[in-house]
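Undergrad: I would like the atomic coordinates for the input below:
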Amino acid sequence: MPQNVPEFQFTDDALKVRQFLYEHWCAQGTAPNLRAMHEGTGLPRECIVEAYKQLDLGVMCNVDFDTQNMNILKAPPFSSYPSQAAVHLDGRFHCWAGCAMESLAISRMPPFAGKELRIEGYCACCLAPVTVRTQDDRTLGYAPDGLLIHVSLSPRDWNKTNIVSMCDAMNYVHDREHAARYERKIGRRGVVFTMEQARKFITGTATARMWQYERIPDYVRPQRIIDGIRALGVDVSGWGE
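TA: Just a heads-up that it's a prediction; the model follows:
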């Protein structure tokens, strides 16, 4: 299970692959395929695949290892497939964010420094539009005024096999009434973050991602995550905590 993985260090190849992965996604809005990764890093297929295994274990990306072409599903804060949060740059669609929470972190990456990103999403309950504007490490504005991020999956269930279900559980909702209605629709309780709490939650990762080339793997330590979220003032009783 990818929770509570013992600490390890990424190899030089893994660091090189991660850096190019970020650079390509920021520039192109999509994940690189194997050829693009080879051309960008100079590494052969075997080394790229081994690097992907490390990065997947270290929660840097999610690769479909059952595919011969090593299809990349996610590389937080990005998603290869449509999510709830479409990121717009310079007035045009640029990429999909991994989830509502990660959508707040993209503008902090070095290639987007000083640029305003607009996130077009929807309420998980009623599918009505949601708009968020971010720049660097700030949330410039959002609509509607009561906007929240609902997280329906406890950290105890994050990344049990991969990050797909974890990301899928982090969604925008218009307000607390919509959050409660969404819980009834999916038959699962959760917790809600205000936009300010969500910003604080992603700050640590956002200020390290791409800024620290030798950044160590992320480790899913459920109790530590829950304690940190509680410290932000989030009511975690919806997770039974």
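Undergrad: in this protein, where is pLDDT below threshold?
TA: Counting by pLDDT under 70, the chain shows low-confidence ranges at 1.
Undergrad: around the closest residue to Ile229 other than its chain neighbours, how many other residues sit close by?
TA: In space, and not counting its chain neighbours, Ile229 is closest to Val236: 5.9 Å by C-beta to C-beta, 6 or more residues apart in numbering. Using the backbone N, CA and C atoms, a C-beta is placed for each residue, glycine as well. Using other C-beta atoms under 10 Å, Val236 has 17 other residues around it.
Undergrad: please apply the same query to Asn171.
TA: By the criterion of other C-beta under 10 Å, Asn171 has 27 neighbours.
Undergrad: ok now do it, which residues does it touch?
TA: For Asn171, the contact set (C-beta atoms under 8 Å, 6 or more residues apart in numbering) comprises Gln84, Cys99, Ala100, Ala124, Ile149, His150, Val151, Ser152, Tyr182.
Undergrad: and it, its phi and psi?
TA: phi -130, psi 150 (degrees, to the nearest 10).
Undergrad: quick one: the strands in the chain, in order.
TA: 62-64, 71-75, 78-79, 86-89, 92-97, 116-122, 129-135, 138-143, 148-151, 170-173, 191-194 (DSSP state E).
Undergrad: now those strands as CSV including distance to Ala14?
TA: Putting the strands of the chain into CSV (distance: least, C-beta to C-beta, whole Å) gives the following:
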stretch, distance to Ala14
strand 62-64, 12
strand 71-75, 13
strand 78-79, 18
strand 86-89, 26
strand 92-97, 23
strand 116-122, 28
strand 129-135, 29
strand 138-143, 31
strand 148-151, 29
strand 170-173, 26
strand 191-194, 31
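Undergrad: buried deepest among these, which one?
TA: Of all these, strand 170-173 has the most neighbours on average by mean count of other C-beta atoms under 10 Å, namely a mean of 28.
Undergrad: and Leu73, what does it touch?
TA: Contact analysis of Leu73 by C-beta under 8 Å, 6+ apart lists Asn62, Val63, Asp64, Ser79, Ser80, Tyr81, Asn162, Val164.
Undergrad: nearest to Leu15, of the residues you listed?
TA: Distance to Leu15, by C-beta to C-beta, is smallest for Val63 among the contacts of Leu73, at 16.4 Å.
Undergrad: Provide the partner residues of the closest one in its beta bridges.
TA: Taking DSSP bridges, one obtains Ile72 as the residues bridged to Val63.
Undergrad: hang on, it packs against Ile72?
TA: Yes: Val63 is in contact with Ile72 according to C-beta atoms under 8 Å; the separation is 5.5 Å.
Undergrad: find residues that contact each of those two.
TA: By C-beta under 8 Å, 6+ apart, Val63 and Ile72 have these common neighbours: Tyr52.
Undergrad: re earlier: closest to Thr41 out of the strands of the chain?
TA: Thr41 sits nearest to strand 71-75 of all the strands of the chain, at 14.1 Å, using C-beta to C-beta.
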